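Asks: Need a 3D model of the sequence below.
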Amino acid sequence: MSDLPLPDLRLAFVASDRPEAQSARERLTSLYGSVEPDQAQVIVALGGDGFMLETLHTVMDRRIPVFGMNRGSVGFLMNDYGEEGLLERLAGAGRAVIHPLQMDAWTEAGQVHSGLAINEVSLLRQTRQSAKLRISVDGRVRLEELSCDGCLLSTAAGSTAYNLSAHGPIIPLDSRVLALTPISAFRPRRWRGALLPHQARVCFEVLEADKRPVSATADSFEVRRVARVEVRERRDIALTMLFDAGRSFEERVLAEQFAS
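Replies: Next up is the predicted model:
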């Protein structure tokens, strides 16, 4: 992974608030030392998948690879935790490069808010009434009216998260497609979503927005009472996750498709 001698690899250990993550950070720092994240060649994130996403957001402009170790609950994006042989694990690690989505959301009041999503951009109803959405792809209306609890556009990296829970497809990382997945669609009842080319630009228009308010979320960044949301991939931003040899992200995605 690095041309530098292993003892010279500068690591930054960051951890979630969970006690087991904090104690792991202390032990690993005593074993390997730690620098500030902006001085590191590799950031080691200790926590769960949520913390991994937080860490990737912090390195969005710095292109520092992140190696996660599971000290949380789910850990699909994380490697197994282990204190011994970390430098050797990093030297043999495989890379997974992902590109986020950009969300531009216009509120009913005319304000525009932008955010980046590593997993997905999702629209959700805010009240007991269903949301009504018009969906366009590259300027062409593809669905005149979707009555639903919501809808999401997922990256390949996020396809095993909320997208999978909403019965969307699992997408291999190198497939260069995005998953457009409805959340509890009421009408059209049989619409199950679509796979779109990664360069597609998707626009969601909220119908009857005053009566049926909708929120839009890019990962953890939320905008309430939106009127229109546009989403596109930011190919100019590349985020790198590191995975142990033999436990690549591609292998995890493949295995997930055969999980019972």
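
Asks: which stretches of the stretch 1-150 of the chain have low pLDDT?
Replies: For the stretch 1-150 of the chain, applying pLDDT under 70 flags the ranges 1-7.

Asks: And the strands in it?
Replies: 11-15, 42-47, 66-70, 94-98, 101-107, 112-117, 120-125, 131-137, 140-148, 150-154 (DSSP state E, counting those that start in this stretch).

Asks: For the longest one, enumerate the helices and strands it packs against.
Replies: Contacts defined by 3 or more CB pairs under 8 Å, 6 or more residues apart in numbering; DSSP states H and E place strand 140-148 against strand 131-137, strand 177-183. The C-beta positions use only the backbone N, C-alpha and C, and glycine is treated the same way.

Asks: Next: the second one.
Replies: In terms of contact count using 3+ CB pairs under 8 Å, 6+ apart, strand 42-47 is assigned the packing partners strand 11-15, helix 19-32, helix 49-58, strand 66-70.

Asks: That one pairs with which strands, and in what direction?
Replies: strand 11-15 (parallel), strand 66-70 (parallel) (DSSP bridges).

Asks: Buried deepest among the ones you listed, which one?
Replies: Ranked by mean neighbour count, those are led by strand 66-70 with a mean of 24 (mean count of other CB atoms under 10 Å).

Asks: ok and it relative to helix 49-58, angle-wise?
Replies: Inter-element angle recorded for strand 66-70 and helix 49-58: 160 degrees (by axes from the mean of the first three to the mean of the last three CA atoms, to 10 degrees).

Asks: Can you check what angle separates strand 66-70 from helix 19-32?
Replies: Using the same axes, to 10 degrees: strand 66-70 against helix 19-32 is 130 degrees.

Asks: contacts for strand 66-70?
Replies: 24, 42-48, 51-52, 55-56, 59, 75, 77-82, 89-90, 93, 239-242 (CB atoms under 8 Å, 6 or more residues apart in numbering).

Asks: Can you say which of those are buried?
Replies: 24, 42-48, 51-52, 55-56, 59, 75, 77-79, 81, 89-90, 93, 239-242 (16 or more other CB atoms under 10 Å).

Asks: is it true that Cys215 lies in a strand?
Replies: Careful, residue 215 is Ser and not Cys. Yes: the assignment for Ser215 is a strand, going by DSSP: H, G, I helix; E, B strand; the rest coil.

Asks: so what pLDDT did it get?
Replies: Here the pLDDT value assigned to Ser215 is 98.

Asks: What residue, apart from its backbone neighbours, is nearest it spatially?
Replies: Arg224 (4.9 Å; CB to CB, 6 or more residues apart in numbering).

Asks: ditto for Arg134
Replies: Here the residue nearest Arg134, using CB to CB, 6+ apart, is Glu205, at 4.2 Å.

Asks: What residues does Thr240 make contact with?
Replies: Counting by CB under 8 Å, 6+ apart, Thr240 has contacts 63-66, 95-97.

Asks: Apologies, that question was intended for Leu86.
Replies: Counting by CB under 8 Å, 6+ apart, Leu86 has contacts 11, 28, 31-32, 44.

Asks: and the residue nearest to Arg134, helix, strand or coil?
Replies: strand.

Asks: and it, how many residues sit next to it?
Replies: When neighbours are defined as other CB atoms under 10 Å, Glu205 has 18 of them.
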